[in-house]
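[1] with the input below, show me the fold.
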Amino acid sequence: MELKRAVLVSALLCLALSRGALSQRAPIITIETPAPAPAPRHVDLAELLSLAGPYGTFLDYLTKTDVIKTFQSQANDTEEQGGHGITVFAPQDSAFAAVDSAALSNLTADRLRSLMLHHAAPKYYPLSVFSALAASSTPVSMFAYSVNVTDKAGKTGVVSGWAAAKLVSSVYSTRPVAVYALDRVLLPKEIFPTAPEVAPVPVPAPAPVPGKAMDAAPGAGAKDNAGGKSSSSRVGTGRLLLGSLVLMVSGVLV
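    The predicted model follows:
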């Protein structure tokens, strides 16, 4: 009887100890997995050039030579991924129209591709750095060959071989992509041994100055008045001569 009681007490003690151990078990910690960072928004260069304005000829050449793929890949390679961005110098349609068509149509496929690669640098350059680049006189490396940046009277220029282009405007400039408009096609001597025939850039007509039209009107009127006076004088003189002749003839007849 005593043995049964001892076994029962032991069983109860074990049950109590096991319940206490379960109640003191460490709480389960749940770790939340952070949501993946959103993918960076890439600039579609073909769409940008298509919508931005007069860059259809440049875009056609980029597409024809597959250089647009090289540029787009560089644009997508952000700094977070170890890239340096891209700076595209886009000649306007008028710039291509000014170049002798034979100079471009006679280029081999490889030379035409190199010419397009020559219009972008594999690095992002904001407008703020161009003055420093010009002052340093350090050539800027493009995807093919290099160019020199100039800064005269606050106007940025890009010089390459036979061409001295002006930076007309900033089409797009947000890291890691910059696109700038040029008024000339860059013509490196590595591609063009002799200078291609290029039409001069048309000089824009000066804007009208307020008051000039009003100033010109009185001058024109003064000329008209002077002309009117001169005409009246000639008519009066003719009449006097005619009267004198009539009097002379009358005297002779008498």
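[2] helices of this structure, start to end?
    2-23, 45-52, 56-65, 67-76, 93-98, 101-105, 109-117, 130-136, 212-253 (DSSP state H).
[3] pLDDT of the shortest one, averaged?
    Averaged over helix 101-105, pLDDT sits at 95.
[4] so which elements touch the top strand by length along the chain?
    Looking across the chain with DSSP state E, the single longest strand is strand 163-174. Here strand 163-174 touches helix 45-52, strand 86-91, strand 155-160, strand 177-182, going by 3 or more C-beta pairs under 8 Å, 6 or more residues apart in numbering; DSSP states H and E. All C-beta atoms are positioned from the backbone trio N, CA, C, and that covers glycine.
[5] for those, which one ends up most surrounded?
    strand 86-91 (a mean of 25; mean count of other C-beta atoms under 10 Å).
[6] and the helices of the chain, which one's lowest on average pLDDT?
    Across these, the lowest-scoring stretch is helix 212-253, with a mean of 44.
[7] thought residue 142 was touching residue 120?
    Yes - using C-beta atoms under 8 Å as the test, residue 142 is close enough to residue 120 to be in contact (6.2 Å).
[8] just the buried positions in stretch 180-192, please.
    Judged by neighbour count using 16 or more other C-beta atoms under 10 Å, the buried positions of stretch 180-192 are 180, 181, 182, 183, 184, 185, 186, 187, 188, 191, 192.
[9] save those as JSON lines, and put in pLDDT too.
    Converted to JSON lines, the buried residues of stretch 180-192 look like this (pLDDT from 0 to 100):
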{"residue": "180", "pLDDT": "98"}
{"residue": "181", "pLDDT": "98"}
{"residue": "182", "pLDDT": "98"}
{"residue": "183", "pLDDT": "98"}
{"residue": "184", "pLDDT": "98"}
{"residue": "185", "pLDDT": "98"}
{"residue": "186", "pLDDT": "98"}
{"residue": "187", "pLDDT": "98"}
{"residue": "188", "pLDDT": "98"}
{"residue": "191", "pLDDT": "98"}
{"residue": "192", "pLDDT": "97"}
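[10] now these in TSV, with distance to residue 167?
    Shown next, in TSV, are the buried residues of stretch 180-192 (distance: C-beta to C-beta, whole Å):
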residue	distance to residue 167
180	5
181	7
182	6
183	8
184	10
185	14
186	12
187	16
188	18
191	21
192	21
